[in-house]
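Peer 1: model the structure of this input:
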Amino acid sequence: MIGFPNAKINLGLHITSKRKDGYHEIETCMVPIPLFDALEMILDKKTTWNSTGLSIPGDAKDNLILKAEKLLRKDFQGLPNLSIHLHKNIPMGAGLGGGSADGAFALKLMSNLFDLHLDEFFLEEYAGQLGSDCPFFIGNTPAIARGRGEILEPIDLSLKGVHLVLINPGIHIGTKEAYAGVIPSPPKVKLEEILADRSRWKTDLVNDFELSVFSMYPEIGEIKEKMYASGAFYASMSGSGSSVFGLFQEKPSELSWKEEYFVFEGEL
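Peer 2: Numbering: from 1, shown residues only. Alright, predicted model coming up:
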């Protein structure tokens, strides 16, 4: 059985407060985009794991796919062994949620493969144990995320026909580093109100991480400026970076500067 975990972008990202447990409360709108990994799981005599494509740093035991497998085996005894293969295409540490998507899709694939018939509520509960962004990829439709990112509220938001240009400059920004430059504050305007009026996006749909990240890495801010210079009606850093995306009403005729970086283009 094969699935195609997809990336996401953030439309606005506000850090509203710091929690006693060390996490932060956020408010953001997450939107799935057509940039995919490929995840294959098949029944086998023993459980094996391998990956191709982009190199995955760190120990295999920290991979969210394998954590998802262990999570289900803890609650469902005697599950068959699996041969697991991931082809990694979504850049890591880039604010695109690729690792979270892999973990969430692993849960969905195993639910089907093992005939567990877990509904979205239970899958989201499991996904929340893997990471804050993971529950989003269970429903995988535009949603307002609050709390640590795991409290989801579907939103009627259509970007159908909008052209997406995504640039990843290959700069890894750690979560701790990103949060260190942000001063949490309550939102002044409801995110839903801003999202309802695209004419406000450029000025009011803000990613709180940009101020500190752009000061540390000016080249990331320059990519955003080039998106607007090329005709984007909205451009932003996604998540805590370093990927920057631009939304265009029509496919831009020329973006010669993009050749320096990893780039994805596609229609939403």
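
Peer 1: now the residue most central in space within the chain: how far from H87?
Peer 2: The centre of the chain sits closest to G97, judged by Cα atoms, centre = their mean, with a distance of 2.5 Å. For G97, the distance to H87 (Cβ to Cβ, to the nearest Å) stands at 17 Å. Using the backbone N, CA and C atoms, a C-beta is placed for each residue, glycine as well.

Peer 1: what about the protein, any weak spots by pLDDT?
Peer 2: For the chain, applying pLDDT under 70 flags the ranges 22, 256-258.

Peer 1: strands of that one, residue ranges please.
Peer 2: Here the chain has its strands, by DSSP state E, at 2-3, 6-18, 24-36, 38-44, 48-53, 81-88, 143-146, 151-154, 163-168, 234-237, 244-248, 262-267.

Peer 1: what about stretch 12-23, start to end distance?
Peer 2: End-to-end span of stretch 12-23 (Cα to Cα, to the nearest Å): 19 Å.

Peer 1: list the contacts of it.
Peer 2: Applying Cβ atoms under 8 Å, 6 or more residues apart in numbering, the external contacts of stretch 12-23 come out as 24-29, 132, 148, 179, 182, 184-187, 191, 194-195, 205-209, 236, 239.

Peer 1: next one: phi and psi at the closest residue in space to P252 that isn't next to it in sequence?
Peer 2: Computed as Cβ to Cβ, 6 or more residues apart in numbering, the closest residue to P252 that is not its neighbour in sequence is S230, at 5.1 Å. Main-chain dihedrals, S230, degrees, to the nearest 10: phi -90, psi 0.

Peer 1: contact partners for the closest residue to A38 other than its chain neighbours?
Peer 2: Spatially, and ignoring its direct neighbours in sequence, A38 is nearest to H87 (4.2 Å; Cβ to Cβ, 6+ apart). By Cβ under 8 Å, 6+ apart, the contact list for H87 reads 37-39, 51-53.

Peer 1: repeat for P5
Peer 2: With Cβ under 8 Å, 6+ apart, P5 has these contacts: 36-37, 39, 90, 98, 101-102, 104-105, 137.
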